[in-house]
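1. coordinates only, no sequence provided:
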């Protein structure tokens, strides 16, 4: 079986979209390095993929360990064609709650660690004049929302960072892809009632299509693109009156 | 809190000046001798391989260290002392040639040896033992270095000069940063009485006549350089435009003293009427063999019809051809370019340079820019110069020509080493271990290896160039 990405690395791959993506890419024939904290879940993916998913236990917040882990993975894979940053957290934040502990965790996992990992991959791809750098952001990054101020801020930051990476790296033959999923049924959204919810399997299929099809920005599913066009253009004085 | 391990330092993509070689390295930027000593000691303890870099003007991989640590010396660029009476400057290695002459010219002193660009750092100049268009008279920069301070990875702090540990001194000069970090350079400058040179241009219709004119003028010129048309074959093979220049004596130039002001040394904003900023884009339009043939033809024709009457030109304008067009290298985008610069003994110059031009034309890989210069023998342990000539050739690199270009350069290197020729690490992208072994010979390489074992017992210093040409593999 031929694959567009013989050597892939997914950070945040033990469950949800990341795990499903890892299995799908492995199914196309790719060797997929999967990074997450939970060794048992990664081992299960390795078993399910007949060893094509390679488990690397690691915490994205262990900033000191990340460069060496990245180098080891690239060595083990014999290079890198595709990098996906998919790690993300969205702890429940109540109305009127201002919780710096949760805020810090979201900024660190969703944004700061994404920057560290993606910088490493970006430098590798820039030097190689090839590669696909992909970040899983969110439709939540399109506007600041009252229900999840820092989650939306972390995703807005991630979207802007990936846009900047695209502007920096396109000239070197590196494709930078921003994925903006709407709600997806994963452990992160368990128990939440959200509109237009899709399964992780559907989301992973659409992401693989976007990666293989040459996209640089993909709403998942595509219906979010026109919805977000409208939402982005709602004037602030109207937005303040909504419950979005 | 203990300091961050060196391997976790910020990373950057570094490239060679020809930008066809590049790699990712962690980097640190020392600001003092103490910083350098600390980094060397920690690199040794942490098992990190360290390569030095200044302005990154080496064309290939001589200032690259992919996967290791780059010691970026640009933040150690202070002038430590300047004696305007004797023309002696002491400076840190990150000082650029430009910063050097802008400090000294008004006092009537010019660097005795400068490269074709003013951006290299003194550390890089010393490590590569740079030459200018006057090597046949003034030698390399090594001939004008009075003293060096060196810190070795082994922890030694030494002051070197032609009389203090001369063996190590003449190995550090032109030792491409493999023996330690130079932290202070004391340099003797050249007295000048005008901010200008007397320049004369003329053309020579063949390679043979070009070499004859060079030999004629080595006695009465301070600088000699020619642009060689590497594309034209047949009777016009190796035809050229020669520029010779001489210093002006005291009182010879009525505006000489006024012209010593650095402000008067600005490079022209236009080249043949074209604003400099668009020259790279314009050149890019001609960056194919036929296009460059046309450019070479026009340039040669201009030299034929041009006046041979001497004229006065500022030092900077005469020397820093590469700085005329900022980012001229972008005309070679996206694949970049290499420079291949063999050095050939005088007696073998005509047949070997003829063979080089013919072989490259037969291979269909021609240099868009060829530059010929004259040299004298050099005192350093690993010299590139010899009593003879160098022909520097720029070759564009593309995905389609890369394998053939490297193969051609391998063949040319065989021709060069067969004739007793040598090469210049600052320009190199293509040399193989056997080329370096033949060029320098086992005796010189063994002496260099012994000095490395003394200075760097744990093998901390490394560049991609040293590794590629096999210098990194020796009996420890």
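-> Alright, I've got the coordinates. Worth saying up front: this structure is predicted, and the values here are computed from it rather than measured.

2. please identify the helix or strand for residue 41.
-> With no chain named, the answer covers chain A. Assigned by DSSP states H and E, residue A:41 falls within helix A:39-48.

3. my bad, the chain I had in mind was chain B
-> helix B:33-46.

4. likewise for residue A:238?
-> helix A:236-239.

5. pLDDT value on residue B:385, please?
-> If you check residue B:385, the pLDDT there is 98.

6. brain fart, residue B:238
-> For residue B:238, the pLDDT comes out at 94.

7. also the one 5 residues further on?
-> Predicted confidence (pLDDT) at residue B:243: the value is 96.

8. contact partners of the helix holding residue B:41?
-> B:3, B:5-7, B:28, B:30, B:48-50, B:69, B:71, B:76, B:149, B:151-155, B:157, B:180-181, B:183, B:458, B:460 (Cβ atoms under 8 Å, 6 or more residues apart in numbering or on different chains). (C-beta placed from N, C-alpha, C; glycine too.)

9. just checking, residue A:86 touches residue A:15?
-> No. Counting by Cβ atoms under 8 Å, residue A:86 does not reach residue A:15; the two are 10.3 Å apart.

10. looking at these two, which one has more neighbours?
-> Set residue A:86 next to residue A:15 and count neighbours by other Cβ atoms under 10 Å in any protein chain shown: residue A:86 wins out with 24 against 16.

11. any idea how far that one lies from residue A:80?
-> In this view, residue A:86 and residue A:80 are 16 Å apart by Cβ to Cβ, to the nearest Å.

12. check residue A:88 too.
-> According to Cβ to Cβ, residue A:88 stands 21 Å off from residue A:80.

13. just residue B:469 next, same as before
-> Per Cβ to Cβ, residue B:469 is found 28 Å from residue A:80.

14. cool, and residue A:201?
-> Counting by Cβ to Cβ, the gap from residue A:201 to residue A:80 is 26 Å.

15. and residue B:168, by the same measure?
-> Computed as Cβ to Cβ, the residue B:168 to residue A:80 distance reads 42 Å.

16. if we can go back for a sec, show me what the helix holding residue A:41 is packed up against.
-> On a contact count with 3 or more Cβ pairs under 8 Å, 6 or more residues apart in numbering or on different chains; DSSP states H and E, helix A:39-48 meets helix A:16-27, strand A:31-36, strand A:53-57.

17. can you give me the helices for the stretch 351-476 of chain B?
-> Listed in chain order, the helices of the stretch 351-476 of chain B (DSSP state H, counting those that start in this stretch) span B:402-418, B:433-455, B:464-468.

18. so chain B: which segments form each domain?
-> Using automatic domain parsing, the domain parsing of chain B gives B:6-72+B:449-468, B:75-191, B:196-432.

19. reformat the ones you listed as JSON lines; add mean neighbour count.
-> As requested, the domains of chain B are arranged in JSON lines below (neighbours: other Cβ atoms under 10 Å in any protein chain shown):
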{"stretch": "domain B:6-72+B:449-468", "mean neighbour count": "21"}
{"stretch": "domain B:75-191", "mean neighbour count": "21"}
{"stretch": "domain B:196-432", "mean neighbour count": "18"}
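
20. looking at those, which is nearest to residue A:170?
-> Relative to residue A:170, the nearest member of those by Cβ to Cβ is domain B:196-432, separated by 12.1 Å.

21. quick check: end-to-end length of the closest one?
-> 42 Å (Cα to Cα, to the nearest Å).

22. do stretch B:56-68 as well
-> End-to-end distance for stretch B:56-68: 16 Å, by Cα to Cα.

23. for chain B, what are the nearby residues on chain A?
-> Those residues of chain A that sit near chain B, judged by Cβ under 8 Å from any Cβ of the partner chain, are A:64, A:67, A:68, A:71, A:119, A:120, A:123, A:124, A:126, A:127, A:129, A:173.

24. right, and the helix or strand after the longest helix along chain A?
-> Longest among the helix segments of chain A by residue count, using DSSP state H, is helix A:149-169. The element immediately downstream of helix A:149-169 (helix or strand, assigned by DSSP H and E) is strand A:175-181.
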